[in-house]
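Colleague: Curious how this folds, go ahead:
(chains A and B)
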2 protein chains.
Amino acid sequence: MTKDITETGVTRRGLLRGLTATAAATVAAGAAALPSSAIKAWDMHTGVLVIGSGAAGVSAAIEARMAGANVLLIESLSQFGGSSAMSGGVVYAGGGTALQRALKVEDSVEQMYRFISLVGGVHPPLDKIQLYCEGSVEHFDWLLAQGIPYTDKLTLAKGLPMGDESLYFSGTEQAWPARELAVPAPRGHVPGIDGMNGGRRLMQALLSQARALGVKLQGRVRAQRLVTESDGRIAGVIVTLDGEERAIAVRRGVVLACGGFIHNRAMLRRYAPQLYDCSVPWGNADDHGDGINMGIGVGAAALRMNEGFAIAPIYPPEYVLSGILVNASGQRFISEESYHGVLGDAIAYHQQGRAWLITDRDSSFTFHQDNFLPVAEANTIGDIAAQLAFPRGALQHTVAYYNLHAANGEDPMFRKSRAYLRPLQGPPYTAWDLSTAQAFFPAHTFGGLHTTVDGEVLNSFDDTIPGLYAAGRNTAGIPTAPYIASGLSVGDCTFFGRRAGRAAAVGVAA
Amino acid sequence: MTKDITETGVTRRGLLRGLTATAAATVAAGAAALPSSAIKAWDMHTGVLVIGSGAAGVSAAIEARMAGANVLLIESLSQFGGSSAMSGGVVYAGGGTALQRALKVEDSVEQMYRFISLVGGVHPPLDKIQLYCEGSVEHFDWLLAQGIPYTDKLTLAKGLPMGDESLYFSGTEQAWPARELAVPAPRGHVPGIDGMNGGRRLMQALLSQARALGVKLQGRVRAQRLVTESDGRIAGVIVTLDGEERAIAVRRGVVLACGGFIHNRAMLRRYAPQLYDCSVPWGNADDHGDGINMGIGVGAAALRMNEGFAIAPIYPPEYVLSGILVNASGQRFISEESYHGVLGDAIAYHQQGRAWLITDRDSSFTFHQDNFLPVAEANTIGDIAAQLAFPRGALQHTVAYYNLHAANGEDPMFRKSRAYLRPLQGPPYTAWDLSTAQAFFPAHTFGGLHTTVDGEVLNSFDDTIPGLYAAGRNTAGIPTAPYIASGLSVGDCTFFGRRAGRAAAVGVAA
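Modeller: The predicted structure follows:
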């Protein structure tokens, strides 16, 4: 981790000086929020308080500061960057971004909108999608202006670039049925550095920018509860600092931006039971849903809480895509070349968490990998089927049907691309366990607070909660299940984080 | 509708006398809840206020009254009975109820628990399920004591009895895989009257009982917002009466019991997009989610908001179950004899809302019915497949595979019962459209407030909200998706409604 995203030299107590233990005891009372009348004295004041240091929070902080607000950003961990710093750092952008134009990639706002609105989840938030697509070119310019390094290089290989390419097909654009619903274009914009550290690089740039603008950043401060006026307006936040409670008064707006709840097992079981069963909770260690729960605690609605990114990362290598994916009935159920999030969604949500990748000699993994374990190996498909106790004859038929058509370059059922389409023929055959519980099956959550396109948090009667804003995975945003492309989440975090920051800077005091 | 479940002769203004327009204006402010400081004067006082007159609300009212509380029950419509009065009136009960014993039906608490906990949704609420199963024998005795008429008659026919039988297999107990997970027993307990009016009869009995005990019932009063003390305790409720706002102070507890949100299109689209697409919103006209939204407005958590009862009522007649159900790939995906809620869930949630029932001469509907329309008719399966544009050869194989094994009395894939299993053979063949949008596909919602087994509403930090209780479809209870048996919802309403009523009678003032 570079210096830019570790804690600064400023002492914690120095930054939050004046914080004395006046707010204590109140949180223990069991309320989901505190009335301002319970605060004997505020320990600190700020214009805008941003909670969380991932892409959403830091983007919000930058824009709030640019709009003239005093901004304090707090982070519960000692490291800044949130789950965004653990990610590939991909931003899904299109419609003719500077990078797309430099690489002579054709794209349009309309096709980008068609892809996101038609290929993903049922009844997605069209207002946010439209704004996101229409604003994408400007947003990429903004990312460039923050100092994130992009190279004028494109790769057509599937999967996050290991080299320094900055543009690639990051999603399921080219797989059926997506390619019939929208003209595919590479829209994954990723920092141009070798390896998979794009997220760290992106956050390094955003954090540097925030500091340069005068955003105050403070680690190891955890937000506990919101404080409300009797009319419902947000007055401030109770935080803990070294185990002691402090009350921060917020004049303009609080921005909740502290991530999803993949590490909160109780929440996960209640809200997103399918994700509970995925083997690898994938997110920053403090993705406990604090921001979502604070918002719910003051009457906010939370949407799509069952949805998330369930990930079946079978490629690379691309040659395994010449194998077939089958369910517990021995039937194919999806195009194998679908994006990891589309495959994972199909398995976790729609196949009761169970599936197998069947490979032949030439599509089997040629190197040792522990992501998916071989659970059957045999010289005939019949023996594979018997070992897995599939319904009698079912897998044999599936393979015979697939082979018959693949020999003619066709896949009538799921229209797999020619690049991966050929009959399964050479033994040995192998069945790889792709079940959510046994395979390497990372997951994180998409559900969150209901917000306007400006990050204003809405209560259960569709009214805004004055002074409360949210962004990123504290909100129900662009990412829905199935997750159709890398970069939609960090893209949503930065795009709507900026809008939330601007709105909070105006806030209720304006 | 009988007199018992219409509005009483007591004048509305008489019952709520003293209500003057003191509370007005406050709701318009846009808050999801009101501080008690905003109430200039309370228009009325009660010990327990129950909101909603369905099975949950009336059961709560009865028990609260039995526990000694003054109880006012309000209903937004002029008719009492809620969605329960529209239902079949089935209560799922077992473990050796008086009726099961009288009919020499063997059952155990353990097998009932296995059925509900293993066959239904992922990670269901085991605490509620356990209590529900353990208390089922006593609960049926209580239903008898309320005067609900049950006959000592059992039917083995599938589907809600049209005759006066009171016990039947109301769910998916006998279909695979359920029958391998728990020993099947008939557990659907339904009022013993001819026709499908069980729900009206059940509500008639409960409402009579409530009135006899001295519960005050008032129709055409709609609850708008909860009123809270500064410490979070519920102080009362703002209601509208003839378009004017009134404030009701509640000393012990408010019980939210006013149903799901199947008629709130905006909520449905946001929270339960799969149900939004089902053709028939099925519930009481005021199932707008008011109770859920009032609870969320004071910081309550709401769970499983995407889930519901999506209903594909293909039987009776049972002979159509000798047909096969296929998805858009021309593949079977479930045992056709599965309960309506299990079939509906598979189609609405897991097959993108599309499926077809393929019948031959002997399994085709022999009478005119408009639930499912024939969208292909032909003398060969190949012609059916071509008319529906299924993947080339897929349906032909599905039928060949099915027929091959059915001829031997076997269904390797979904183990359909022998009673319905035989090869498809005699033309003409017909494909019936079972899509959520085109078929008769009723739906209602299961998501609701997070509650303890005593109906105490929990906030997002798992603390109770003092003075607030909920029951029925205002809560996330026993019914989850897939809905595996008729009677689990009204069963949950009555069982946990009683507990919520008892808890509210003790309430915060005790």
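
Colleague: Could you list the residues of the stretch 201-350 of chain A in contact with chain B?
Modeller: Counting by Cβ under 8 Å from any Cβ of the partner chain, the stretch 201-350 of chain A comes close to chain B at A:230-232, A:266, A:269-271, A:273-274, A:276-277, A:292-294, A:296-307, A:329, A:331-333, A:349-350. (Each C-beta comes from the backbone N, C-alpha and C, glycine too.)

Colleague: Buried among those? Make that a ChimeraX selection.
Modeller: Burial among those is assessed by 16 or more other Cβ atoms under 10 Å in any protein chain shown; the matching ChimeraX selection reads:
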select /A:230,232,270,271,273,274,276,277,292,293,294,296,297,298,299,300,301,302,303,304,305,306,307,329,331,332,333,349,350
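
Colleague: so residue A:51 sits right up against residue A:223, yeah?
Modeller: Yes: counting by Cβ atoms under 8 Å, residue A:223 is a contact partner of residue A:51 at 4.7 Å.

Colleague: Looking at the two, which has the bigger crowd around it?
Modeller: residue A:51 (28 against 22; other Cβ atoms under 10 Å in any protein chain shown).

Colleague: What ranges in chain A fall below the confidence cut-off?
Modeller: Within chain A, the stretches with pLDDT under 70 are A:1-29, A:508-510.

Colleague: can you list the domains in it?
Modeller: According to automatic domain parsing, chain A comprises the domains A:3-85+A:199-308+A:444-506, A:89-196, A:312-433.

Colleague: which of the residues in stretch A:308-323 are buried?
Modeller: Those would be A:308-315, A:319-323, for stretch A:308-323 by 16+ other Cβ under 10 Å.

Colleague: next one: stretch A:365-385
Modeller: Buried, per 16+ other Cβ under 10 Å, within stretch A:365-385: A:365, A:372, A:375, A:376, A:378, A:381, A:384, A:385.

Colleague: now stretch A:435-453
Modeller: For stretch A:435-453, by 16+ other Cβ under 10 Å, it's A:435-436, A:439-453.

Colleague: and those near chain B, which?
Modeller: Counting by Cβ under 8 Å from any Cβ, residue A:450 from those sit close to chain B.

Colleague: Take the buried residues of stretch A:435-453 and keep only those in strands.
Modeller: A:442, A:443, A:444, A:445, A:448, A:449 (DSSP state E).

Colleague: So which residues of the stretch 301-450 of chain A form strands?
Modeller: A:302-303, A:308-310, A:324-326, A:356-359, A:374-378, A:429-433, A:442-445, A:448-449 (DSSP state E, counting those that start in this stretch).

Colleague: go on, the stretch 51-200 of chain A?
Modeller: Per DSSP E, counting those that start in this stretch, the stretch 51-200 of chain A carries strands over the ranges A:71-74, A:91-92, A:154-155, A:167-168, A:188-189.

Colleague: and the longest one, what does it pack onto?
Modeller: Judged by 3 or more Cβ pairs under 8 Å, 6 or more residues apart in numbering or on different chains; DSSP states H and E, strand A:71-74 is in contact with strand A:44-51, helix A:55-66, strand A:216-218, strand A:221-228.

Colleague: what's next to the first one, contact-wise?
Modeller: Counting contacts by Cβ atoms under 8 Å, 6 or more residues apart in numbering or on different chains, the residues outside strand A:44-51 that touch it are A:16, A:18-19, A:57-58, A:60-61, A:64, A:69-74, A:215-216, A:223, A:236-237, A:246-258, A:290-291, A:501, A:504-505, A:507, A:509.

Colleague: and if we set it to 6 Å?
Modeller: With contact meaning Cβ atoms under 6 Å, 6 or more residues apart in numbering or on different chains, strand A:44-51 is reached by A:16, A:19, A:57, A:60-61, A:64, A:69-74, A:223, A:237, A:248-256, A:258, A:504-505.

Colleague: Of the domains of chain A, give the one that comes closest to residue B:425.
Modeller: Nearest to residue B:425, of all the domains of chain A, is domain A:312-433, at 19.7 Å by Cβ to Cβ.

Colleague: Ends of that closest one, what's the gap?
Modeller: 11 Å (Cα to Cα, to the nearest Å).

Colleague: And stretch A:185-197, by the same measure?
Modeller: 24 Å.

Colleague: hang on, the earlier thing: buried ones among the contacts of strand A:44-51?
Modeller: Neighbour-count burial (16+ other Cβ under 10 Å) applied to the contacts of strand A:44-51 gives A:16, A:19, A:57, A:60-61, A:64, A:69-74, A:223, A:237, A:248-256, A:258, A:504-505.

Colleague: List phi and psi for the nearest residue to residue A:480 once chain neighbours are set aside.
Modeller: Nearest non-adjacent residue to residue A:480, counting by Cβ to Cβ, 6 or more residues apart in numbering or on different chains: residue A:121, 3.4 Å away. Note on residue A:121: backbone dihedrals following degrees, to the nearest 10 are phi -70, psi 170.

Colleague: Verify the stated contact: residue A:121 with residue A:481.
Modeller: Yes: using Cβ atoms under 6 Å, residue A:121 is in contact with residue A:481, at 5.4 Å.

Colleague: Which one's more surrounded, those two?
Modeller: Between residue A:121 and residue A:481, residue A:481 has the larger neighbour count (other Cβ under 10 Å), namely 27 against 19.

Colleague: Doesn't that one lie inside a strand?
Modeller: No: according to DSSP: H, G, I helix; E, B strand; the rest coil, residue A:481 belongs to no strand; its state is coil.

Colleague: my read: it touches residue A:342, true?
Modeller: No: Residue A:481 lies out of contact with residue A:342 (Cβ under 6 Å); the separation is 9.7 Å.

Colleague: Adding distance to residue A:40, write the buried residues of stretch A:365-385 out as CSV.
Modeller: Formatted as CSV, the buried residues of stretch A:365-385 follow (distance: Cβ to Cβ, whole Å):
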residue, distance to residue A:40
A:365, 63
A:372, 57
A:375, 62
A:376, 67
A:378, 73
A:381, 74
A:384, 70
A:385, 71
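
Colleague: Pick the one among those closest to residue B:416.
Modeller: Among the buried residues of stretch A:365-385, and counting by Cβ to Cβ, the member closest to residue B:416 is residue A:385, at 20.6 Å.

Colleague: State the distance from the closest residue to that closest one other than its chain neighbours to chain B.
Modeller: Nearest residue to residue A:385, sequence neighbours excluded (Cβ to Cβ, 6+ apart): residue A:395, at 3.9 Å. Counting by Cβ to the nearest Cβ, to the nearest Å, the separation of residue A:395 from chain B is 11 Å.

Colleague: need the contact list for residue A:395.
Modeller: For residue A:395, the contacting residues are A:330, A:381, A:385, by Cβ under 6 Å, 6+ apart.

Colleague: at 7 Å what do you get?
Modeller: Taking Cβ atoms under 7 Å, 6 or more residues apart in numbering or on different chains, we find residue A:395 in contact with A:326, A:330, A:381, A:384, A:385.

Colleague: can you check residue A:302 too?
Modeller: A:292, A:296, A:447, A:448, A:449, A:450.

Colleague: Redo the residues you listed as a markdown table? Include distance to residue B:130.
Modeller: A markdown table is the format used below for these (distance: Cβ to Cβ, whole Å):
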| residue | distance to residue B:130 |
| --- | --- |
| A:292 | 29 |
| A:296 | 27 |
| A:447 | 27 |
| A:448 | 32 |
| A:449 | 33 |
| A:450 | 33 |
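
Colleague: tell me which of these is nearest to chain B?
Modeller: residue A:296 (3.8 Å; Cβ to the nearest Cβ).

Colleague: which element is that closest one on?
Modeller: helix A:290-297 (DSSP states H and E).
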